[in-house]
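Asks: Dropping a prediction and its sequence here:
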Amino acid sequence: MRGIGIWTMLFVLVADANAGAPTPSTLRRIQKMDAPQRSSIVSQIIGPAPEKEHHGEGETLSAESKLPNDVAEIVSATETAPATGKTKVPTLTPKPVPSTPAEATSKLAQSSTPISLEEQPDEMIIDSDQQSIGGLWRSGSPAEANPFYGRLEYLYWKTSNPSPSGTVFQSFSVPLVGQRTLTGAINLNDVHTDYEMGLRALIGRNISENFGVELGGLWVYPGTDLKVLFSQPAGTSTTGTPTNKVDVILTPTGEVLGQANMSFRNRYWGTEANGRWHLMNNRVWTVDGLAGARYFDYAERLAFGYNLTNPSSAAGNRVERFETNNHMIGGQVGSDVQLAVIEYVSLQMISRAAVLGNIQDVTVKGPAAGMGRFTNWSNLGSHNTGAASILLETTPSFVVHLTPDITFQAGYTIIWLNNIMRAHEQLDLNQVGKSPLISFKTDDLFITGFSFALTANW
């Protein structure tokens, strides 16, 4: 019986080969038939048959041993069922049985379409139109099959410098005989922000093949800047000639100071939550669309320290500060687009656009009312207002696919924000020593710098 089942299976393969090779999925369906189905079709096709078929002088032909190795693999599907002892035979349409093993193998060899006899896992069958960027390597986009994805980004960013001008402190070289000559000054636009380091992180999960959710945030180390002027008392040179004296003057009052400085500090951080739609993922393009909520916080502090040596009021050290905060929250949309350049190398463009409600506050600190020069009862304390701000962000970058699930990105980020309250805008230089007011003036802010990231899927 086992021999008849084997020959029946070989006949089916030969007939299918002539009509068109069976697909791996067809072979899998045949192998998954239960024993009753296979036994039934054998009975219908060939009826009772002797258990052995003799060839020559008492030799029993074993199809599995005589046929080539690739054919023997498919014959393994005709194993004897443990419970019934009957041979498992695929259920197919009855067709004539080859008369000899040579005839069967000859027909297999003459088949116009090769038959793949190996079981192929579904995940190994790749549609060329759906291959990821980078050949068979994954593109690094969350559009891949892995459920989780994340990105860790190193930031080297800076903010735009304060724009207004205006002299706060001046230093003069004062000869013992003659006119004063200007030697230095501290102006509002002397503040120069520098590049600062920061981190941005993102983690997400694909809920379905085409949609995922993610949460991310960024933080940049606070940047500072300091400008200092000191008074130098008159002295005598080695030749006995008196040297000049340098005075620091508070403008526009003309009061003489022992020393003066201006310091500036800014910080910013934010967080966001998005839904991500995987719109396209093939050998050339990977396109994701985003929509969600974003929070962004930007703050500045401008401080003045000085010592009055001959003031109109009590002498002593004074510190006066102007602190501004912009708390922005709202909705955003965006996209992540990759274009394959060569294998394992892509170009990427990350874009975001957000409309944010901006809750703004300014806090002025200093000595008691009437004791400061930049502060007084008219501006001391906390003051609040609000505005609408727009955030636009773009990061063009190169992407290198290090492994199927890890990519490295290097790019340059540009962020533009409008209606940002900045500290230097709140200083009223027209009312120094009088009754300065808060202007609530806003300005545009640019954040630019380099970004380096590792993205992983798991």
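Replies: Alright, I've got the coordinates.

Asks: hey, what's His327 bridged with?
Replies: Asp297, Ile359 (DSSP bridges).

Asks: That one and Thr385 touch, don't they?
Replies: No. Assessed by Cβ atoms under 8 Å, His327 is found out of contact with Thr385, at 11.8 Å. Every residue, glycine included, has its C-beta placed from N, CA and C.

Asks: quick one, which of those two is more surrounded?
Replies: His327 (16 against 13; other Cβ atoms under 10 Å).

Asks: tell me the contacts of that one?
Replies: 295, 297, 358-360 (Cβ atoms under 8 Å, 6 or more residues apart in numbering).

Asks: Show me the two of the residues you listed that sit farthest apart.
Replies: Tyr295 and Gln360 (14.6 Å; Cβ to Cβ).

Asks: Looking at the two, which one has more neighbours?
Replies: Gln360 (21 against 16).

Asks: check contacts around the closest residue to Phe440 other than its chain neighbours.
Replies: Spatially, and ignoring its direct neighbours in sequence, Phe440 is nearest to Thr385 (5.2 Å; Cβ to Cβ, 6 or more residues apart in numbering). Contact partners of Thr385, counting by Cβ under 8 Å, 6+ apart, are 360-361, 421, 440.

Asks: which of the residues in stretch 212-226 are buried?
Replies: 212, 214, 216, 218-220, 223, 225 (16 or more other Cβ atoms under 10 Å).

Asks: buried sites along the helix or strand Leu257 falls within?
Replies: Leu257 is part of strand 255-281, with elements assigned from DSSP states H and E. The neighbour-count check on strand 255-281 (16+ other Cβ under 10 Å) flags 255-258, 260-270, 272, 274, 276, 278, 281 as buried.

Asks: now swap in stretch 370-378 and tell me
Replies: Counting neighbours by 16+ other Cβ under 10 Å, stretch 370-378 gives 372-376 as buried.

Asks: Stretch 331-347 now?
Replies: Neighbour count says stretch 331-347 has 332, 334-338, 340, 344, 346 buried, by 16+ other Cβ under 10 Å.

Asks: Make TSV from these and add secondary structure and pLDDT to it.
Replies: As requested, the buried residues of stretch 331-347 are exported to TSV (DSSP: H, G, I helix; E, B strand; the rest coil; pLDDT from 0 to 100):
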residue	secondary structure	pLDDT
Gln332	strand	98
Gly334	strand	97
Ser335	strand	97
Asp336	strand	96
Val337	strand	96
Gln338	strand	95
Ala340	strand	93
Tyr344	coil	93
Ser346	strand	96
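
Asks: Let's have the residues you listed in TSV, adding distance to Thr286.
Replies: Formatted as TSV, the buried residues of stretch 331-347 follow (distance: Cβ to Cβ, whole Å):
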residue	distance to Thr286
Gln332	20
Gly334	15
Ser335	11
Asp336	8
Val337	7
Gln338	4
Ala340	8
Tyr344	14
Ser346	8
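
Asks: if we take these, which one ends up nearest to Val174?
Replies: Gln332 (57.2 Å).

Asks: Residue ranges in the protein under the pLDDT threshold?
Replies: Residue ranges of the chain with pLDDT under 70: 1-145, 175-180, 182, 236-238, 240-242, 310-315.

Asks: domains for it, by residue range?
Replies: 2-125, 148-457 (automatic domain parsing).

Asks: For Tyr295, which residues are in contact?
Replies: 270-272, 327-329.

Asks: Greatest separation within those: which pair is it?
Replies: Every pair of the contacts of Tyr295 checked by Cβ to Cβ; the farthest is Glu272 and His327, at 14.6 Å.

Asks: one step back: quick one, which of the contacts of Thr385 are buried?
Replies: Counted by 16+ other Cβ under 10 Å, the contacts of Thr385 give 360-361, 421 as buried.

Asks: Which helix or strand contains Pro162?
Replies: Per DSSP H and E, there is no helix or strand for Pro162.
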